[in-house]
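Asker: pasted the sequence and its predicted model underneath.
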Amino acid sequence: MNRQIIPDVIDGRQVLSCFDPSERVSEAAAVMAERNIGAVLVMKDRRLHGIVTERDLVRRVLAQGLAPQDVTLGEVMTAQPDTILPGEPASEALIRMRRGNYRHLPVVDEAGVLHGMVSIRDLYAVVQEQLSADLIACETMIYGESYGTAGAV
């Protein structure tokens, strides 16, 4: 899978949900529910500072018996999350997500500029598309005009 994160997986023009570390978990949770998203980015001084996911809300807030309106994102975020460069291959994102056991990966360039966020769902779509194309190519080779012509002069 040679597809790059941008533009092949995401277009880099996503509407991202970004919050200051001082904002309340309840505010971010409301936005996540409203927009049907699984993660928000925590920004400080226009730079990525952390990420808060659904899993973070469950494990670091609810399971601890904390009140979401009393906890800030800075208290529960994953600070300095792993990121991926826009030009890296989608396969690298899959490897990192599998290794780190997470489902969202911010896309940040060498200068630290945030370009988007790739999710495991985005990558599943790319993998499915690639598998379908590979299957069609194999069927064409086996059943199409090119079947049996390999090596013929």
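Answerer: That came through, no problem. Residues are numbered from 1 along each chain as shown.

Asker: packing partners of the top helix by length along the chain?
Answerer: In the chain, taking DSSP state H as the definition, the longest helix is helix 120-143. In terms of contacts (3 or more Cβ pairs under 8 Å, 6 or more residues apart in numbering; DSSP states H and E), helix 120-143 is packed against helix 90-100. Yep, even glycine has a C-beta here, placed from its N, CA and C like the rest.

Asker: for this protein, which segments are assigned as helices?
Answerer: So, for the chain - with DSSP H - the helices run 25-35, 54-56, 73-76, 90-100, 120-143.

Asker: so of the ones you listed, which one's packed in deepest?
Answerer: By mean neighbour count, with neighbours taken as mean count of other Cβ atoms under 10 Å, helix 73-76 ranks first of the helices of the chain at a mean of 20.

Asker: how about residues contacting that helix?
Answerer: With contacts defined as Cβ atoms under 8 Å, 6 or more residues apart in numbering, helix 73-76 is touched by 19-25, 28, 40, 42, 49-50, 52, 56-57, 60-61.

Asker: again, 10 Å this time
Answerer: Applying Cβ atoms under 10 Å, 6 or more residues apart in numbering, the external contacts of helix 73-76 come out as 19-25, 27-28, 40-42, 44, 49-53, 56-57, 59-61, 64, 66, 68.

Asker: return a ChimeraX selection command for the buried portion of those.
Answerer: To isolate the buried ones among those in ChimeraX, judged by 16 or more other Cβ atoms under 10 Å, type:
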select :19,21,23,24,25,27,28,40,41,42,49,50,51,52,53,56,57,60,61,68
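
Asker: quick check: strands, which of the contacts of helix 73-76 are part of them?
Answerer: Counted as lying in strands by DSSP state E, out of the contacts of helix 73-76, are 19, 40-42, 44, 49-53.

Asker: could you dump those residues to CSV with distance to D11 and pLDDT?
Answerer: Below are those laid out as CSV (distance: Cβ to Cβ, whole Å; pLDDT from 0 to 100):
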residue, distance to D11, pLDDT
F19, 23, 98
V40, 20, 98
L41, 17, 98
V42, 23, 98
K44, 26, 95
H49, 24, 97
G50, 24, 98
I51, 20, 98
V52, 24, 98
T53, 22, 97
